[in-house]
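1. Please find the sequence and the predicted model below.
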Amino acid sequence: MPRTLLQRRLIDVSDRLKRLRAELAVSDEQCAFFEAEAEDARLRSLVSETPVADAEAREVRRHADAQTRQRDALRRAVRELEAEQDALLDRMAAELGPESRPSDAGTVR
């Protein structure tokens, strides 16, 4: 793969990773909020023992579960992009080869 194309793909993956990581941070916060809300609704349902409170607790739990699935999907996407980025960096390093890397000859230690 030509080096410029490799660099463009690497930049694209890096940009996508930044966006996904920011989205994941928001999703983590939302997950924590929905989990707390679900626990509160569950406790209210236990205390009140009414069908309405029970239905509300189930609804809040469904929202928390949906948010957890969304967060997990974002985590998978981040891991996949990190793997792609690593592969691109490995490929770029391999294309540079030992002859184009700076040598240690003449370095003072």
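-> Yes, it's here.

2. Can you give me every residue that contacts Thr4?
-> Residues in contact with Thr4 (CB atoms under 8 Å, 6 or more residues apart in numbering): none are found. (C-beta placed from N, C-alpha, C; glycine too.)

3. which secondary structure element contains it?
-> Using DSSP states H and E, Thr4 sits in helix 3-48.

4. Now do the next helix or strand after that helix against helix 3-48, angle only.
-> Next helix or strand after helix 3-48 toward the C-terminus (DSSP H and E): helix 51-96. Put simply, helix 51-96 runs at 160 degrees to helix 3-48, going by axes from the mean of the first three to the mean of the last three CA atoms, to 10 degrees.

5. Below-threshold pLDDT in the chain: ranges please.
-> 1, 98-109 (pLDDT under 70).

6. what's the burial count for the residue nearest to Ala53 when sequence neighbours are not counted?
-> Spatial nearest neighbour of Ala53, excluding adjacent residues (CB to CB, 6 or more residues apart in numbering): Ser45 at 4.2 Å. Counted by other CB atoms under 10 Å, the residues lying close to Ser45 total 20.

7. Isn't Ser45 up against Glu59?
-> No. The pair Ser45 and Glu59 fails to qualify as a contact (CB atoms under 8 Å) at a distance of 10.7 Å.

8. nearest spatial neighbour of Leu17, skipping sequence neighbours?
-> Closest to Leu17 by CB to CB, 6+ apart is Leu81, at 4.9 Å.

9. Was I right to think that neighbour contacts Arg16?
-> Yes. Between Leu81 and Arg16 there is a contact at 5.8 Å, judged by CB under 8 Å.

10. Looking at the two, which one has more neighbours?
-> Using other CB under 10 Å, the more surrounded residue of Leu81 and Arg16 is Leu81, with 19 against 15.

11. Please report the distance of Asp65 from Glu59.
-> Plainly put, Asp65 is 11 Å away from Glu59 if you go by CB to CB, to the nearest Å.

12. do the same with Asp28
-> Distance of Asp28 to Glu59, computed by CB to CB: 22 Å.
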